[in-house]
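>>> Sequence and predicted structure below; questions after.
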Amino acid sequence: MAFNSKNPFLSSKRFSSNAVSRAEEVHEAQIIDYNQEMTVSGTINKTAILFLILCGAAMVTWWMAFNGLNIMLPAIGGAIVGLVLVLISAFKPQYSPYLAPGYALFEGLFIGGISAIFEAMYPGIVINAVAATLVTFLICLGLYKFGIVKVTETFKSVVVAATLAIATYYLISWVVSLFTSWTPVHYGNSMMSIGISVFVIIVAALNLFLDFDQIEKGAQQKMPKYMEWFGAMGLMITLVWLYVEFLRLLSKLSSKD
């Protein structure tokens, strides 16, 4: 039995004609305007907009950090608000044109803060993490575009199962560490910890293929225009995850020097 994604931005139901178009169904005599349909190019444009918003917000907390200002409130607050916006969009994708830019703004505050912290500890780490994320994205995009990697149901099941396993492990280890003195194995710079980081990065990269596939299928199924924002938001979530994991891996490697 194939797994359905528990990540709302990887769920086929969000991009299925039954889930979206039914709610958008109108009198059949109405002329369908191409400009009201989801397109791949439109999603790319929306992704670029979200990326610029995220970078702009990140520059704010980055500047604050290196000018002696407290960044904990905007960074933590940004992460929390960003998560809330993601959850709302998961259940109300029609509001994505408003929620997606908000997510990019608040998540940018978090990314700028955490990047500044890592940069202060390990100079040069941020540019390396950005480069690694960009290269991974381009490689995955090329592999998908040229059909080298095909997103089958089995592929989806494996990636979704691995993603859920990682999320569950992170959540349980965080909760347990709050109430005990136990240190999760993915902390520190041991070979086991580094190996876990590499595994998580691979899974995060594989999620990019699911994002590409859902965006392409959404355009083929002529989803409503607002699904461009929804698809772009899902792609940004994966890229942010990938970037943070590269920061963690590079910090572990740097601390061993």
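Received, thanks.
>>> pLDDT value on residue 25, please?
For residue 25, the pLDDT comes out at 45.
>>> Also residue 230?
97.
>>> what's the distance between it and residue 43?
Look at residue 230 and residue 43: by C-beta to C-beta, to the nearest Å, they are 9 Å apart. For glycine as for every other residue, the C-beta is placed from the backbone atoms N, C-alpha and C.
>>> So for those two, which residue has more residues nearby?
residue 230 (32 against 25; other C-beta atoms under 10 Å).
>>> lowest confidence element among the helices and strands of the chain?
Least confident helix or strand, the chain: helix 17-24 with a mean of 46, by mean pLDDT, DSSP states H and E.
>>> After that helix, which helix or strand is next?
Using DSSP states H and E, the helix or strand that follows helix 17-24 towards the C-terminus is helix 40-65.
>>> Does residue 79 touch residue 111 like I think?
No: under the criterion of C-beta atoms under 8 Å, residue 79 is not in contact with residue 111, lying 9.0 Å apart.
>>> of the two, who's got more company?
Ranked by neighbour count (other C-beta under 10 Å), residue 79 and residue 111 place residue 111 first, with 26 against 17.
>>> That one and residue 167: what is the separation?
Distance from residue 111 to residue 167, by C-beta to C-beta: 19 Å.
>>> Next: residue 249.
Distance from residue 249 to residue 167, by C-beta to C-beta: 18 Å.
>>> Comparing those two, which shows the higher neighbour count?
More crowded of residue 249 and residue 167, by other C-beta under 10 Å: residue 249, with 19 against 12.
>>> Let me see the contact set for that one.
Neighbouring residues of residue 249 by C-beta atoms under 8 Å, 6 or more residues apart in numbering: 194, 197-198, 201.
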